[in-house]
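**Student:** Pasting a predicted model and its sequence here:
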Amino acid sequence: NEWEVILGLEVHAQIKSKSKLFSSAPTDWGAEPNSQVSLVDSGMPGALPVINETCIDQAILTGLSLNAKINETSIFDRKNYFYPDLPQGYQISQFEHPIVSGGFLMIETKNGPKKIGITRLHLEQDAGKSIHDQDISNSFIDLNRSGCGLMEIVSEPDMRSAEEVGQYVKKLRSILRYVGSCDGNMEKGNLRVDVNVSVRLPGKDLGTRCEIKNVNSIKFIQQAIEYETSRQIKIIEDGGIINQETRLFDPNKGETRSMRGKEESHDYRYFPDPDLPPLILSSKKIKHLKEILPELPDDKKKRFINDYKIKDYDSEIIVNDKDVSDFFEKLVNKRDSKMVVSWITGELFSYLKKIDKNLSESNISVEKFGELLDLISDGMISNRVAKEIFVEYLQSNKSAKEFISDKGLVQVSDTSELTKMIDQVLKENPKMVDDYKSGKDKLLGFFVGQVMKVSSGKANPQLVNNMLKEKLNK
């Protein structure tokens, strides 16, 4: 506990664009290997890169959403290294003059809101993919990903725990999805994270950092940090030194292992790409993109709290996913906000987890969901019964009214019918009635339960509760 962990992230976000950063080749995920490769992507001599304006716009929108400065002049550089899945022998990136610099985002921690600084955002090409598990004696190269546009978003080393890192990645991913600049799908490799970890005693100089490369889930990121922190502390306490290196996280063993010595910037021999002139942005373009920037999670959270009077915690959960926040806002129209929040964060989230899909993949419509909530509000079905039939109802092709009618689940709200049931229960339990009238008012729950039993669970419990109180208190 006396040690302090210092954490910074480099997040590689694949830009949402129909074509690659410097070529017209498509970027469809899951295509046949090497079916989406242009001459530029494959490093053919004489093939010249041409910048994709959509990728530029996406980077600017992302920078604006991160409260950052958009640089009107930026430069593309060649980052030189050799690897089988890098056919050009270099990666086009940005070094000293990135398109975006500075910025921050806010995260929620157990100690309250915390500002995490953003050092820079720069554009670069993605590399291809090396495949080593298809054959015992051969490796394969798929260049479909080669040349896809990436935004590398570099944070300041402001995070101090795995929990804070998890919150940072969730918040950043949420912002990217709101802006529409990245899908944020870690399983597909659209969002990959490099974690820089070092430890020190409070007040001491920064320790030697290790970089954990390409971690592809928030759970694994947090596990990698916990392991790497413990590893570094143990080495130092045993009298050893930490080597600056690049490490990989093995999710099966829950540990990091050495990959190679950590490169310095001079190892890559950066120099301006002679095939690409400096990127000059007009203030008019930046102003236009700022005007079309969508409402971001923090602003939407405040608005939901003010407009719909929902709790801070509930608002945070709902706005974290843009699809969920859009769904909520359509569903809450002319409905009780507390009821809508309860059903979304309860039954809906539970169902999505069960089918292992997100909301957009589930094909659940606002209309179908809303029909069921309206029947609860109208007293045609109880909240308890609605929860019991929720999954079956969603998977049916019937309207909510048709479904509960066919199932014989329409709630009894006719007061004359309920009066008969209440009278029967009170007549059968005279001693309980006397006990209630002598002050044992907790017996009201017993009477409600008996009426529900007589009605085979179809009586409107709230109405029964009110009618019993009125009868017993006479």
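**Tutor:** Good, I have the coordinates.
**Student:** Could you list the alpha-carbon positions for the longest helix anywhere in the chain in PDB?
**Tutor:** Longest helix in the chain by number of residues (criterion: DSSP state H): helix 218-237. Taking Å, rounded to 0.1, in the frame of the first residue of the first chain, the C-alpha atoms of helix 218-237 are listed here in PDB:
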ATOM      1  CA  ILE A 218     -11.000  -3.600 -20.100                       C
ATOM      2  CA  LYS A 219     -11.000  -6.700 -17.900                       C
ATOM      3  CA  PHE A 220      -7.600  -7.700 -19.300                       C
ATOM      4  CA  ILE A 221      -6.200  -4.200 -19.000                       C
ATOM      5  CA  GLN A 222      -7.000  -4.200 -15.300                       C
ATOM      6  CA  GLN A 223      -5.700  -7.600 -14.800                       C
ATOM      7  CA  ALA A 224      -2.400  -6.700 -16.600                       C
ATOM      8  CA  ILE A 225      -2.000  -3.600 -14.400                       C
ATOM      9  CA  GLU A 226      -2.500  -5.500 -11.200                       C
ATOM     10  CA  TYR A 227       0.000  -8.200 -12.200                       C
ATOM     11  CA  GLU A 228       2.600  -5.700 -13.600                       C
ATOM     12  CA  THR A 229       2.400  -3.500 -10.500                       C
ATOM     13  CA  SER A 230       3.000  -6.400  -8.200                       C
ATOM     14  CA  ARG A 231       5.800  -7.700 -10.400                       C
ATOM     15  CA  GLN A 232       7.700  -4.400 -10.400                       C
ATOM     16  CA  ILE A 233       7.200  -3.800  -6.600                       C
ATOM     17  CA  LYS A 234       8.600  -7.300  -5.800                       C
ATOM     18  CA  ILE A 235      11.700  -6.800  -8.100                       C
ATOM     19  CA  ILE A 236      12.500  -3.400  -6.400                       C
ATOM     20  CA  GLU A 237      11.900  -4.700  -2.900                       C
END
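**Student:** Which neighbouring elements make contact with the following helix or strand past that helix?
**Tutor:** Using DSSP states H and E, the next helix or strand after helix 218-237 towards the C-terminus is strand 245-250. When contacts are defined as 3 or more CB pairs under 8 Å, 6 or more residues apart in numbering; DSSP states H and E, strand 245-250 sits against strand 210-215, helix 218-237, strand 255-261. The way it works is simple: take the backbone N, C-alpha and C, and place the C-beta from them, glycine included.
**Student:** Give me the buried positions along strand 245-250.
**Tutor:** Applying a neighbour-count criterion of 16 or more other CB atoms under 10 Å, the buried positions in strand 245-250 are 245, 246, 247, 249.
**Student:** Among these, pick out the one closest to residue 421, please.
**Tutor:** residue 249 (62.5 Å; CB to CB).
**Student:** So what's the predicted local confidence for that closest one?
**Tutor:** Residue 249 carries a pLDDT score of 95 in this model.
**Student:** so how many other residues sit close to the nearest residue to it once chain neighbours are set aside?
**Tutor:** Sequence neighbours aside, residue 224 is the residue nearest to residue 249 in space, at 4.0 Å (criterion: CB to CB, 6 or more residues apart in numbering). If you count neighbours by other CB atoms under 10 Å, residue 224 ends up with 26.
**Student:** Ok, residue 315 next?
**Tutor:** Counted with other CB under 10 Å, residue 315 comes out at 22.
**Student:** so it touches residue 297, yeah?
**Tutor:** No. In this structure residue 315 lies outside contact range of residue 297 using CB atoms under 8 Å: 9.7 Å.
**Student:** now stretch 88-108: mean pLDDT?
**Tutor:** Mean predicted confidence for stretch 88-108 is 97.
**Student:** Report the buried residues of it.
**Tutor:** 88, 90-95, 97-103, 105, 107-108.
**Student:** likewise stretch 388-395?
**Tutor:** By neighbour count with 16+ other CB under 10 Å, stretch 388-395 contains the buried residues 389, 390, 393, 394.
**Student:** try stretch 63-81
**Tutor:** For stretch 63-81, by 16+ other CB under 10 Å, it's 63-66, 68, 70-71, 74-79.
**Student:** Pick out the most distant pair among those.
**Tutor:** The most widely separated members of these, counting by CB to CB, are 65 and 78 (28.9 Å).
**Student:** Pull out the buried residues from stretch 15-32.
**Tutor:** 15, 16, 17, 19, 20, 21, 22, 23, 25, 26, 27.
**Student:** Among these, name the ones in helices.
**Tutor:** Assigned to helices by DSSP H, none of the buried residues of stretch 15-32 qualify.
**Student:** so, if you compare those, which one comes nearest to residue 373?
**Tutor:** Using CB to CB, these come closest to residue 373 at residue 16, 33.1 Å.
**Student:** show me the contacts for the closest one.
**Tutor:** Residue 16 makes contact with 58, 180, 181, 182, 183, according to CB atoms under 8 Å, 6 or more residues apart in numbering.
**Student:** partners of the strand ranked longest in the chain, with directions?
**Tutor:** Criterion DSSP state E: the longest strand present in the chain is strand 112-125. Sheet neighbours of strand 112-125, with direction, are listed as strand 100-101 (antiparallel), strand 104-109 (antiparallel), strand 149-155 (antiparallel) (DSSP bridges).
**Student:** I'd like the distance from it to the chain centre, please.
**Tutor:** Offset of strand 112-125 from its chain centre (CA atoms, centre = their mean, to the nearest Å): 17 Å.
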